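> Next one to model:
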Amino acid sequence: MIRNFDLVIIGGGILGTSISYFLSFLNKTKQIALIEQAHNVAFHTSGRNTGKVHAPYLYNPEKKKVFAKTAFHGYEMWDEYSKLKSLPFKKDGVIEVSLDEKGTKVLEKYLKWGKQNGLQDNDIKLMDKNELKKIEPEIKCESALYVYKDGSTDYSKFTNAVMNDSRNNGINFLLDTKVTNIKRVYDKWEITLNNDYSIFSNFIINAAGGEAIDIAHKIDVAETFTDVHFRGEYWKVPSEYNNLTQTSVYSVPEYPDYPFLDPHWIIRIDGSCEIGPNAVPVFSPYGYTKTENIKEFIPKMMEMLRSGARKAIFDKQFQELAINEIQSSMSKSVMINRVKRFLPKIDANKITEKGTAGIRSSVINEKGQFVPDVILEGDSMSFHILNYNSPGATGALPFSAHIVNYLNKQGMFQSENSDAQCGPWKFSSIIEKLSL
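Okay, here's the model as predicted:
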């Protein structure tokens with residue numbers, strides 16, 4: 001077994017796997033490994049989302065500039081990659097509805113943001129309720145933003161295809177392998193795996209998602225930040241509702257500064273429908289079960305009370321929102337009634353099966369504020385990608401190219417060929433688009 005690597009990526013979600021993809025084309029002689037504790041890539045958040053390929057209309061072009069730009073280019077890249085690999089991709093659009101005048105003002109802002117982020121007039125349209133009624137008679141609202149350039153896919157299949165390309169180009173994937181310790185030994189990292197054996201690396205990229213903050217803290221990076229975890233739950237809808245709408249429907253979130261979203265009406269790539277997600281506070285990035293949350297409750301609470309998260313958890317509005325989300329987890333009707341506001345035809349009694357839950361981890365700074373954009377922290381031997389949330393899957397390919405280019409330009413990890421052909425894309429062309 002190889003024990004010495006030029007670079008190790010920690011985390012086999014869609015981000016870490018996409019980074020390995022570009023590195024595999026740009027570095028043909030270097031030894032590179034990706035470590036993932038689950039038995040497959042995209043096992044957690046990357047494979048447990050709504051499967052939407054998001055148009056960048058929800059993202060403030062100033063506060064979420066990186067997410068907005070990579071989502072815009074990511075849509076086209078995933079479309080192209082899906083054709084190349086015969087993967088599921090459907091341009092089906094999404095509708096964002098407002099239920100009152102306040103919500104309509106938000107939709108007007110989203111329209112402006114979408115165009116600032118690159119959407120054209122034929123990609124996005126603001127409608128009043130009468131215009132929407134002609135297209136979607138079952139939706140009840142005051143106004144709606146119809147976003148035509150939005151799609152659906154299966155990110156687990158995408159990530160597996162990207163992994164296969166990376167493997168074929170020489171990347172070592174260490175699955176079922178957990179990083180249990182990291183320490184610096186002279187000019188290398190000693191990475192202990194499964195409490196059993198060690199490998200060594202000159203450089204680390206931390207793309208560990210829900211554990212990214214924990215990994216960073218192990219090597220004294222990003223110590224002013226902490227994270228909080230939210231479990232997003234779904235309810236599967238019986239097939240009689242599959243044609244209730246033509247496309248997925250979101251509603252304007254009442255508190256956009258918090259990571260609480262009103263549940264959506266989701267049409268998945270296979271045509272099935274779900275309601276979700278909510279955002280239930282949990283104590284672990286793997287807090288799917290009561291047992292896991294009980295186990296992590298005390299250490300997580302101690303960590304939060306020592307950090308800026310203390311200000312957030314004692315904030316009255318945050319507490320009220322958290323209680324509402326917990327109620328939506330305990331009561332099916334509470335959650336489904338949120339969607340009934342704009343789809344009144346739904347009968348909660350007919351909905352009996354839960355979908356697959358996923359967990360999102362949001363970073364809080366020392367002031368107790370949720371950080372809106374991705375955080376990049378690095379030094380001469382490591383690079384950490386923190387707070388990489390929605391629309392992270394949409395923008396994973398261009399964002400990964402941006403990271404690889406940044407490391408190269410900064411001399412942190414220099415690639416052997418900075419202008420290789422990476423599958424259907426010339427690397428330099430991706431970078432040029434991102435800099436426009």
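
> Quick check: which ranges of this structure have low pLDDT?
For the chain, the stretches with pLDDT under 70 are 1, 260-261, 436.

> Show me which helix runs longest in it.
The longest helix of the chain (DSSP state H) is helix 65-85.

> who does that helix touch, helix- and strand-wise?
In terms of contacts (3 or more CB pairs under 8 Å, 6 or more residues apart in numbering; DSSP states H and E), helix 65-85 is packed against strand 52-53, strand 89-91, strand 151-153, helix 155-168, helix 396-409, helix 427-434. Yep, even glycine has a C-beta here, placed from its N, CA and C like the rest.

> same thing but at 6 Å, please
For helix 65-85, the packing partners by 3 or more CB pairs under 6 Å, 6 or more residues apart in numbering; DSSP states H and E come out as helix 396-409.

> contact partners of the top strand by length along the chain?
Criterion DSSP state E: the longest strand present in the chain is strand 197-206. Residues from elsewhere that reach strand 197-206 (CB atoms under 6 Å, 6 or more residues apart in numbering): 3-10, 188-192, 212, 215-216, 381-384, 413.

> how close does the most far-flung residue of the chain relative to its centre sit to M381?
Distance to the chain centre peaks in the chain at Y186, reaching 35.1 Å (criterion: CA atoms, centre = their mean). Distance, Y186 to M381, using CB to CB, to the nearest Å: 11 Å.

> Going along the chain, name the helices of the stretch 301-436 of the chain.
Under the criterion DSSP state H, counting those that start in this stretch, the stretch 301-436 of the chain contains helices at 309-313, 316-330, 332-340, 396-409, 427-434.

> now those as TSV including mean neighbour count and distance to D128?
Output for those, formatted as TSV (neighbours: other CB atoms under 10 Å; distance: least, CB to CB, whole Å):
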stretch	mean neighbour count	distance to D128
helix 309-313	19	38
helix 316-330	15	30
helix 332-340	18	21
helix 396-409	23	35
helix 427-434	17	35
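
> Pipe these into JSON lines and attach distance to T45 per row.
Putting the helices of the stretch 301-436 of the chain into JSON lines (distance: least, CB to CB, whole Å) gives the following:
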{"stretch": "helix 309-313", "distance to T45": "20"}
{"stretch": "helix 316-330", "distance to T45": "17"}
{"stretch": "helix 332-340", "distance to T45": "20"}
{"stretch": "helix 396-409", "distance to T45": "12"}
{"stretch": "helix 427-434", "distance to T45": "23"}
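
> Relative to I275, which of these is closest?
Of all the helices of the stretch 301-436 of the chain, it is helix 332-340 that lies closest to I275, at 5.1 Å by CB to CB.

> count of residues packed around the nearest residue to E136 once chain neighbours are set aside?
Of all residues not flanking E136 in the chain, T245 sits nearest, at 5.4 Å (CB to CB, 6 or more residues apart in numbering). A total of 19 residues lie near T245 under the criterion other CB atoms under 10 Å.

> Can you tell me how far T245 is from I266?
10 Å.

> With T70 instead?
Separation of T70 from I266 (CB to CB) stands at 22 Å.

> Check N60 too.
For N60, the distance to I266 - CB to CB - is 24 Å.

> more crowded one of those two?
Remark: of N60 and I266, I266 carries more neighbours, 24 against 17, as counted by other CB under 10 Å.

> And what about the more buried one, helix, strand or coil?
strand (DSSP: H, G, I helix; E, B strand; the rest coil).

> which ones are touching it?
Here I266 is in contact with T50, S248, E274 (CB under 6 Å, 6+ apart).

> ok, now V97?
With CB under 6 Å, 6+ apart, V97 has these contacts: C141, A144, S251, F342.

> The helix or strand encompassing it pairs with which strands, parallel or anti?
Assignment of secondary structure by DSSP states H and E places V97 within strand 94-98. Strand partners for strand 94-98, identified by DSSP bridges, are recorded as strand 143-147 (antiparallel), strand 248-251 (parallel).
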